[in-house]
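Undergrad: I would like the atomic coordinates for the input below:
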Amino acid sequence: MELRIEPLNKSHQKKDFQCGYALLDNYIRTQAKQDVSRDLSACFVLNDENNYVIGYYTLSANSIKRDDFPEEMSRKLPASYDDLPAILLGRLAIDNNYKGNRYGELLLFDALKKCVEISSNLGSLSIIVDPIDEKAQMFYKRYGFILLPGSKKMFIALKTVKQLFQ
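TA: Numbering: from 1, shown residues only. You can find the predicted model right below:
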């Protein structure tokens, strides 16, 4: 099976996508294309030779309130920044028919690599995720994401990610 990761386009077959979370299923089926056309997010899909969507993720610009950032990191930054620049990895999902093949890891690493590339042209301190549940939280934790104090969001410093790809 030939797989590729590419920006979402009209040729992608997404109507039968099911990952087990209605929110994520409905997003790729009905909302993702609109968000991309409105420049609210970029959506990348893992698809096969028949253009069936096996999985996807989204990226968008975001920020973290300085007060939400771990103090040991925020105290090293200029006090004039109330919001710290970040990239949001907003959604990441794999179709149930393809789970267990490490495609989630493949998409995560592709997203992290894109974030590193973006950060060379745009100031960004970290990558944020907002895990849908505890299982997703454990997935991100395995790859070094840290829970933001006082929220369910997690982050990883871009400096940490850059070291992975050197």
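
Undergrad: The lowest-mean-pLDDT helix or strand in the chain: which residues count as buried?
TA: Within the chain, no helix or strand scores below helix 71-74, which has a mean of 73 by mean pLDDT, DSSP states H and E. Residues of helix 71-74 classed as buried: Ser74 (neighbour count, 16 or more other C-beta atoms under 10 Å). For every residue, glycine as well, the C-beta is placed using N, CA and C.

Undergrad: which helix is the longest one in the protein?
TA: helix 103-119 (DSSP state H).

Undergrad: for Ser74, what are its contacts?
TA: Ser74 makes contact with 66, 84 under the criterion C-beta atoms under 8 Å, 6 or more residues apart in numbering.

Undergrad: 6 Å - rerun?
TA: Counting by C-beta atoms under 6 Å, 6 or more residues apart in numbering, Ser74 makes contact with Arg66.

Undergrad: And it, how close does it get to Asp82?
TA: Counting by C-beta to C-beta, to the nearest Å, the separation of Ser74 from Asp82 is 11 Å.

Undergrad: Same check on Asp16?
TA: With C-beta to C-beta as the criterion, Asp16 and Asp82 are 44 Å apart.
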